[in-house]
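Chemist: everything below, folded, please.
(chains A and B)
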Amino acid sequence: MNSKPKGTAANLDPVTLEVIRNALPAITAEMSVDLQRTSYNMMIYEVQDYCTALLDPEGRLISQNIGGVSHFVADLGVVIRAGVARYGTNGFKSGDVLLHNHQATAGQHLNNVVIYVPVLIDATVVAFAVVRAHWVDVGGLSTGFGADQATDPWNEGLQFDNLKIYDADVPDEQLLRFIRDNIRFPDASMGDMRSQLAACRLGERRFLDLIARYGRDVVERTIKTIYAETEARCRLAVEKIPDGTYRAEAYIDGRKGQLGYDIKVEVTVRGSDMVIDLSNCSPQREGPMNGRTFAGAYIAYKALTAPLEPLNEGAFAALKVIIPEGNMMMAKFPALMAAWSGALPTVVDTIWHAFALAIPERIPAAHSGSLGAAFSFSGIDPVSHKRFVAMSIESGGWGGRPGEDGQDVSMSVCQGDVRNSPIETIELKTPVMVLERSLRCDSGGAGKFRGGLGIQTRARSLVAGRWATQNGAGGRLTCLPWGLWGGKPGRAAETLIKGADEAEFHVPAGTGASSAGTEILYRTAGGGGWGDPLEREPDAVLADVMEGYVSPQAARAEYGVVIEGTQVDRPATQRLRSQRKADQKGTQV
Amino acid sequence: MNIPPEKRIHIAVDIGGTFTDLVAFDESSGRLSQSKALTTPAEFSRGVWDCLGKAQLQTKDAASLVHGSTVAINIAIEKTGAKTALVVTAGTKDVYKIGRQNRPDAYNFLFHRPQPLVPRSRTIEANERLLVNGEVSVPLTEQEATRIGNAVKESGAQSVAICFLHSYIDPNHEEMLARTLRSMLGSSVYVTASSEIVREYREYERISTTVMNAYIGPKTSAYIGRIESRLENEGFRGKFLIMQSNGGAMSPNAAKMLPVAMMESGPVGGVLAAAQVGKRLGYANVISFDMGGTTAKTSLIKDSEISIAQGYHIGGYASGHPVAFPVVDIIEIGAGGGSIAWIDEIGALRLGPKSASSSPGPICYGLGGTEPTVTDANVVLGRIGATSFLGGEMPLDAKGAENGMSTRIGARLGMTANEVAQGIVQIAVAKMSLAVRGVSVERGYDPRDFAMLASGGAGPPHALAVARELHIPIVIIPNLPAHFSALGMLMSDIRHDYVRTYYKPLVDSDFGEVRAILTELGVLGSQALADADVPNGARSEIWWMDLRYVGQEFCLQIPVSREDVASGNVEGIRGRFNEVHDRRFGHASLHEPLELVNLRLTSLGARAKITFPAVSASAGDAKVGTRPVILEDAAHPIECPVYRRERLAAGSRLSGPCIIEEYASTTVLFAGDVLTVAPTGELIIEVAQR
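Modeler: Alright, predicted model coming up:
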């Protein structure tokens, strides 16, 4: 257990090390707080669809905030390395500000815009302060992540390829004007750009303070030591996983007659080394679920190794991720990327699934498997004539766990401290009325430990506009959130619509353009169950029925528990369960 | 004992997690007294009487008794509250369970969301609905209210929380239902409507706050009732007041209705006292720094005003319950005297958050502790005297502490015991400096404009080092630093905060309406002050607006004057907002439109302030000897003079390096630090800058 980190700096004292170890995450956390609190855009202040980070001149991660959207865990280094390749190591001046979202390197949907500044000492770059954040609009066919109709990347919006928007503190007014004129909500996005820049400047100041206090040499050597220590910590965790190669697979349906995606993972543990091989996942497709990202593998690895520890380059140094060029997660430009992260919840779950064989006592059943239902209604306010967008994310259930039921309605593996929009906020800001936000009965997969429930959210538009009508399943309509060890899958997500003059909800046809009074109903998936539902304590099933989480019908059909009034009919339950067990045996071959 | 013609004894009792502290001040004699007893969780109020007994005080002699207690937060954390029902708008039954759907520990796949205090089966949907503009879409009928009353009765609930959508605009439905429930269910069921406690938008946070109030309500109000009736039996005719999280006190009646306002009152006293002591000594800008056994707490005071945050989480952000209620803005970190230093799985030296607390305590206590702590480090360094701790009542095992440094840590890292001890203190100081930065630099304040006021048993030994790290020029060590929280309660004013969501672009706001709302809130404030017997002349109000740039979500709270409101001074208000935004976040958008989100009003009832008598030095030479102390260089202890604090006369000046010992704490001065004893006994230290 007493393995020393590799490459410990010989004469760094452990005290300075601990002091700087605490100081670095404090910088990126402070950048995050500032960005969030000054942002104009719900995707940043509620969804926390951003990350704040410091990188070293080689593009390695010195520190990154933890909290918001987890799939930002990877893929910042490529942006910095591309910038350094463009301008050269000596091509940065203090006061430069760079803008980047180009898909050939950034590999994400274009809304994720990176702003970064070089941190210089004596005209030498010692670090970069970086903020990647989701802009409401970047031009293209539609606002937000919609771009459903896009047929090529230029339909998806503007591509910024390491542009200097400030050159030594002098803004490029022409360029800024051009951007302003070609996006739909320029005030919001330019406001966010200012907040991103302010957060970068803050990171720059704080990092320079640290260097002023301890000296450049000590800080730089400390950072390298921290990389090594973090790597050592992760190796210790991996050592506890039995050696072997483990495989699992799942799939995502294709949209509108397009080909679907296979998610086939192979993980190999040898001592403290881990390889996550995603080569067998589908090649890049014509649809928009392409990207260039290690995020799926990184999230899964981080959760298995040191989930509560700060993030830096060392956190993934002992992990090898294999994704060949041309894979859906290493798509060659040009490719559509509007739904770049759509597959990641499934990728993470599938990697965990592979580990269920190795460490069954730690791995939960599958969660809802999508980024949630994108609650969205947009239009032009008939009174103020201003454009508006109502937005929220409605998430699904998490899988049952060893010893515990799954958590209800919680953000996906890709979204950490991401919050929904309160009903009152939605109604204060936009002409929408939310009629219901409730737990979806029977959506959690049956199991000894039940899957968490999905949500049911129903809303009515008060003016004409356009509802987002994607089903929120993220392509997981037939590959349901799976159970483990005999647990049953959770129920799939669906989105239904009801026109002002219609009596029943139905599957939406068309684009969601609708008149005032149209109602939308978002239902999200439940998590998978863990263990055989026939082994669930009958009293736990009774409690679920009393609370309305499970219907009496499902109690009988899924769990073999017969409920009379407020009691378990124990003899009837026993009979039903033994009969079920006998049937199960009969069907096993 | 003679009963004085005028009862002029003021008492404060603070029930904390481990100890109950009492401080009393006799105005006629100028005498300050103190006592300490173990906290008695089975019946918290016993601690009050134990402390009174120890201090030989009788409540019939007292003019006032201010009380802070952990009772409310304990009920929440230990989940021993009332069987509670929740009534919400149709369609929102699960909003409380669903919450905001977030998972702050982003990479932890075995996370836990907050556990609701009310099950779904006791959550009742009311057929009623208000629109966002205040219009009634579905009226709440008498029959519906009666149906709900019956459902609550049937559920066997002892307490009910009511929270309807948009009730912050119009509380009619909530009020109507509360009336019906109160008349149907009588006094045996505790009823809280959200509009009675917080009229601010965001339904989940409002529901959670209302449920919390209802959940802790019956037990907390019974607790207050028990103290009241015993006080009455004892012939107490003074003012009984309850300490709140917002730094003010309130009447027992208000506390029974608003127990949620008491939840975080524990650490508040110290901040209040810091503000008062600082003001009296001429320091309006103070950073309070309170370091105890398990944590250090810090808060910023600007222009003698404490900082208030609008909301917090009970049980931590990741899995706790949000409470949308004002609280003194404190950053607390797991670094106290008892924090344990350890070597982690990869061989790195770490400190805390685990604490040896009071049992077994640090190694040097000799009570079975084996892991080296911050206190042990200070003893090894000679900064805390092994023979003079608690006035010599408790000899410390310095050898044991030194051994612990060597065997637990030194041997594995190749460091001497002294180096380890020095390192532990350095790490503690760095951690505390980060926390102090959090309340100052990170909120746009320059620590050089502040004095640091250090309290808690472990505050004075570390204050100079923390101050130096942040370039804070002055450190103040108050009288009774280890009883500072109770002392602060003694100095508290009556305070009530009110909020009303009023959502409009600032330029379109109807300032007549704004004034009407603030006036209405003022009436509520006056009623609460009257209930606490505050005379008219002692009352004041502060008006605030929560503002943001259009499109932002988070607000800044900006004070506005009556004149601003009367004249609709949009430009003046905008200017102040931009200034605060620029200071806080480093940028402002001078021409972006602002929107008004909430109106707030603070009602204050000033209480007479204690005037401390001038100190006269007790007999004897203040310098009691010298001892070797490690300050800067772990290899070279220096022979340091040691002084007894109570023997220092007003006006005395001392230069570091030196040690000043008092009963429950020790102040450590480094070379270049210069101390002056204030006329009222506080130690005022100019911090040497490196």
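Chemist: quick one, what contacts the residue nearest to B:Ala664 when sequence neighbours are not counted?
Modeler: Nearest residue to B:Ala664 in three dimensions, chain neighbours excluded: B:Ala482, at 3.7 Å (CB to CB, 6 or more residues apart in numbering or on different chains). Bear in mind the C-beta positions are built from the backbone N, C-alpha and C, glycine included. With contacts defined as CB atoms under 8 Å, 6 or more residues apart in numbering or on different chains, the neighbours of B:Ala482 are B:Ser455, B:Gly456, B:Gly457, B:Tyr663, B:Ala664, B:Ser665.
Chemist: list the contacts of residue 497.
Modeler: You didn't pick a chain, so chain A it is. Here A:Ile497 is in contact with A:Trp467, A:Thr469, A:Phe505, A:His506, A:Val507, A:Pro508, A:Gly512, A:Ser514, A:Thr518, A:Glu519, A:Ile520, A:Leu521 (criterion: CB under 8 Å, 6+ apart).
Chemist: wait, chain B was what I had in mind.
Modeler: Taking CB under 8 Å, 6+ apart as the criterion, B:Asp497 is in contact with B:Asn246, B:Ile308, B:Pro326, B:Arg600, B:Leu601, B:Thr602, B:Ser603.
Chemist: next, give phi and psi for the residue nearest to B:Ala664.
Modeler: The phi and psi values for B:Ala482, taken as degrees, to the nearest 10, are phi -90, psi -10.
Chemist: all helices of chain A, in order?
Modeler: Remark: helices of chain A, listed N- to C-terminal, are A:14-38, A:42-45, A:77-87, A:153-156, A:173-181, A:186-214, A:216-239, A:295-305, A:344-356, A:423-429, A:538-547, A:552-559, A:570-587; assignment by DSSP state H.
Chemist: quick one: closest of the ones you listed to B:Ala106.
Modeler: For the helices of chain A, distance to B:Ala106 was read as CB to CB. The smallest value, 8.5 Å, belongs to helix A:295-305.
Chemist: so which elements touch that closest one?
Modeler: Other elements packing on helix A:295-305 under the criterion 3 or more CB pairs under 8 Å, 6 or more residues apart in numbering or on different chains; DSSP states H and E are helix A:216-239, strand A:273-277, strand A:319-322, helix A:344-356.
Chemist: so which of the ones you listed is the most packed in?
Modeler: Mean neighbour counts were taken over the helices and strands packed on helix A:295-305 using mean count of other CB atoms under 10 Å in any protein chain shown, and the top value, a mean of 27, falls to helix A:344-356.
Chemist: hmm, back to that, among the contacts of B:Asp497, which one sits closest to chain A?
Modeler: Among these, B:Ile308 lies closest to chain A (CB to the nearest CB), at 16.4 Å.
Chemist: circling back: would you turn the contacts of A:Ile497 into JSON lines with distance to chain B?
Modeler: Written out in JSON lines, the entries for those read as follows (distance: CB to the nearest CB, whole Å):
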{"residue": "A:Trp467", "distance to chain B": "18"}
{"residue": "A:Thr469", "distance to chain B": "21"}
{"residue": "A:Phe505", "distance to chain B": "15"}
{"residue": "A:His506", "distance to chain B": "21"}
{"residue": "A:Val507", "distance to chain B": "23"}
{"residue": "A:Pro508", "distance to chain B": "21"}
{"residue": "A:Gly512", "distance to chain B": "22"}
{"residue": "A:Ser514", "distance to chain B": "20"}
{"residue": "A:Thr518", "distance to chain B": "17"}
{"residue": "A:Glu519", "distance to chain B": "12"}
{"residue": "A:Ile520", "distance to chain B": "14"}
{"residue": "A:Leu521", "distance to chain B": "12"}
